[in-house]
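Participant: Kindly generate the corresponding structure for this input.
(one chain, ligands or ions: 2)
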Amino acid sequence: MTTSTPNTPVPDAASAPDPAWAAPTAASPLDAAVEVPGSKSLTNRYLVLAALANGPSELRGALSSRDTLLMAEALRQLGVGVEVDGTTWRVTPGELRGPASIDCGLAGTVMRFLPAVAALADGPVRFDGDAGARVRPMGPVLAGLRNLGVPVTADDGTEPSTLPFTVEGRGGVVGGAVDVDASASSQFVSGLLLAGARFDRGLRLRHVGSALPSLPHIEMTVDVLRGAGVEVDDSTPSTWVVAPGPIVARDVRVEPDLSNASPFLAAALVAGGTVRVSGWPTSTTQPGALVPELFEQLGARTRRVGDVLEVTGTGRIRGLDVDLHAAGELTPTIAALAALAETPSRLRGIAHLRGHETDRLAALVCEINRLGGRATETEDGLTIEPATLHGGTVETYHDHRMATFGAILGLRVPGVRVEDVATTAKTLPDFTRMWGSMLAATARG
Ligand SMILES: O=C(O)C1=C[C@@H](OP(=O)(O)O)[C@@H](O)[C@H](O)C1
Ligand SMILES: C=C(OP(=O)(O)O)C(=O)O
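Facilitator: Residues are numbered from 1 along each chain as shown. Ligands and ions are numbered 1, 2, ... in the order given. Modelled structure (predicted):
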């Protein structure tokens, strides 16, 4: 450990930290085509709905990563059949059962989406995860369940606001109306909506509290529910009404993960040249839909050619002033570009990133400044001033997006090393190989 860090790094179950990875610099402009695997958010939503559906389903293009494999294993613990065959996953629903024990790892989608599913099981379901997961906010989603009549207790019998906790499944949930403060995470809303159709009276959920982050992810939840035949009324702002009824089994194709595409596309801005990502959806609820407009503000040219998104840069980056509350997931990529920009940046609307894999605002400030940059934390985001960066070891705090952030800086700054780059396995196990292939495809060779 070299300097102070925002959270005490804790070993995760997936891997012992590797020696720091020497992030490659980009020697010349790029001319690369990249295929990114399936979306974490869509894979885990489809898995949950398939587990609650009225028959077997198949996911094609599913993401195999720590977060999705944890979701698959958790569903198996609850009595669901999940068969993984490369990127084709088959899900066979079963009677949901307890007692069961669920390892959430550090996955927000597992810890926030499965308590409502566990409430439908016929026995107690205990949830725990990595040490870093035990500080991620859970209170409002658990209070929501308790207000719907589902007992949820900490190990000492009190009302929990973090992992670990036990959901006392009673084989069914009456459902009805509930208020939830989802200002700390949109996943509190998604987690209740996904199971709501299986509650006897459905669910009427109202968000109460300050601004709701990551609205596209809630729209994604509504979209996948409707795709599975569930009636959802979202016509009143901050209120969602899910009608009780069957969740229809279906075969789906998972879109590529556009947030994971963002570091690769960012490379074109840093190194110059062009990076293309195939399979880019024409319309999507993923927050990565904002990548073209954000990257244009940063100085890139972007265009669609068929299903390919093409980003071309010159190596010169403009700073930007932007509210990222709808797409907080993109912040580490945007922050890396801002740290290499010629003018100042202000990233706003992202206070909730303090509850992500690590306190991402503190982590980004600490790591940009460690390399000689000038970043400051504000109440709801970051300011980043232009500076000449130098090499050093970027700490990652078990945060996959801190690792890809370090890789982006390393394209420009010699001597950047990324500690525990294997943490990218949370959503992109093949990251370093893909990064190397992209860099091998230059405009000259
Ligand atoms: O529902 C989802 O799949 C997600 C919602 C967002 O969470 P927050 O609203 O907590 O930011 C996002 O950041 C996360 O990566 C994935
Ligand atoms: C916040 C993220 O993950 P999680 O689903 O664990 O919340 C993320 O992937 O940026």
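Participant: contacts and neighbour counts: CA atoms only from here.
Facilitator: OK.
Participant: For the protein, give me the ranges with low pLDDT.
Facilitator: Within the chain, the segments meeting pLDDT under 70 span 1-18, 444-445.
Participant: near ligand 2, which residues of it?
Facilitator: The chain comes close to ligand 2 at residues 106, 107, 108, 109, 329, 356, 357, as judged by CA under 6 Å from any ligand atom.
Participant: Try it again at 8 Å.
Facilitator: Applying CA under 8 Å from any ligand atom, we find that the chain lies next to ligand 2 at 40-41, 67, 106-110, 187, 328-330, 353, 356-357, 400-401, 427.
Participant: Which neighbouring elements make contact with the helix or strand where residue 114 lies?
Facilitator: Residue 114 is located in helix 108-118, with elements delineated by DSSP states H and E. If contacts are counted by 3 or more CA pairs under 8 Å, 6 or more residues apart in numbering; DSSP states H and E, helix 108-118 sits against helix 40-51, helix 66-77, strand 124-128, helix 139-147, strand 165-168, helix 187-196.
Participant: Next SSE downstream of the last one?
Facilitator: With elements assigned by DSSP H and E, the helix or strand that comes after helix 187-196 is strand 203-207.
Participant: So is that next one next to ligand 1?
Facilitator: No: using CA under 8 Å from any ligand atom, strand 203-207 never reaches ligand 1; the gap is at least 12.9 Å.
Participant: same check, this time on stretch 384-399
Facilitator: No: contact of stretch 384-399 with ligand 1 (CA under 8 Å from any ligand atom) is absent, the minimum separation being 11.1 Å.
Participant: mind putting the helices and strands packed on helix 108-118 in TSV, distance to residue 317 and mean neighbour count included?
Facilitator: Formatted as TSV, these follow (distance: least, CA to CA, whole Å; neighbours: other CA atoms under 10 Å):
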stretch	distance to residue 317	mean neighbour count
helix 40-51	29	25
helix 66-77	33	22
strand 124-128	42	22
helix 139-147	40	21
strand 165-168	46	24
helix 187-196	33	26
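Participant: In TSV, list the ones you listed along with distance to residue 218.
Facilitator: What follows is the helices and strands packed on helix 108-118, written out as TSV (distance: least, CA to CA, whole Å):
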stretch	distance to residue 218
helix 40-51	11
helix 66-77	19
strand 124-128	23
helix 139-147	14
strand 165-168	23
helix 187-196	6
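Participant: Of all those, which one comes closest to ligand 1?
Facilitator: helix 40-51 (3.8 Å; CA to the nearest ligand atom).
Participant: In the next helix-or-strand element following that closest one, which residues are buried?
Facilitator: Downstream of helix 40-51, the next assigned helix or strand under DSSP H and E is strand 57-60. Across strand 57-60, burial judged by 16 or more other CA atoms under 10 Å covers 57, 58, 59, 60.
Participant: which of those lies closest to ligand 2?
Facilitator: residue 59 (19.1 Å).
Participant: isn't the closest one right up against residue 252?
Facilitator: Yes: at 5.1 Å, residue 59 counts as touching residue 252 under the criterion of CA atoms under 8 Å.
Participant: Same list (the buried residues of strand 57-60) but as TSV, adding distance to residue 177.
Facilitator: Shown next, in TSV, are the buried residues of strand 57-60 (distance: CA to CA, whole Å):
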residue	distance to residue 177
57	30
58	32
59	32
60	35
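Participant: hang on, isn't residue 354 packed against residue 363?
Facilitator: No: taking contacts as CA under 8 Å, residue 354 lies outside contact range of residue 363: 9.2 Å.
Participant: quick one: which of these two has more around it?
Facilitator: The neighbour comparison of residue 354 against residue 363 (other CA atoms under 10 Å) goes to residue 363, with 23 against 19.
Participant: who's in contact with the nearest residue to residue 104 once chain neighbours are set aside?
Facilitator: The shortest distance from residue 104 to any non-neighbouring residue, by CA to CA, 6 or more residues apart in numbering, is to residue 129 (4.6 Å). Contact analysis of residue 129 by CA atoms under 8 Å, 6 or more residues apart in numbering lists 103, 104, 105, 106, 163, 164.
Participant: if I look at residue 129, how far off is residue 41?
Facilitator: Distance, residue 129 to residue 41, using CA to CA, to the nearest Å: 19 Å.
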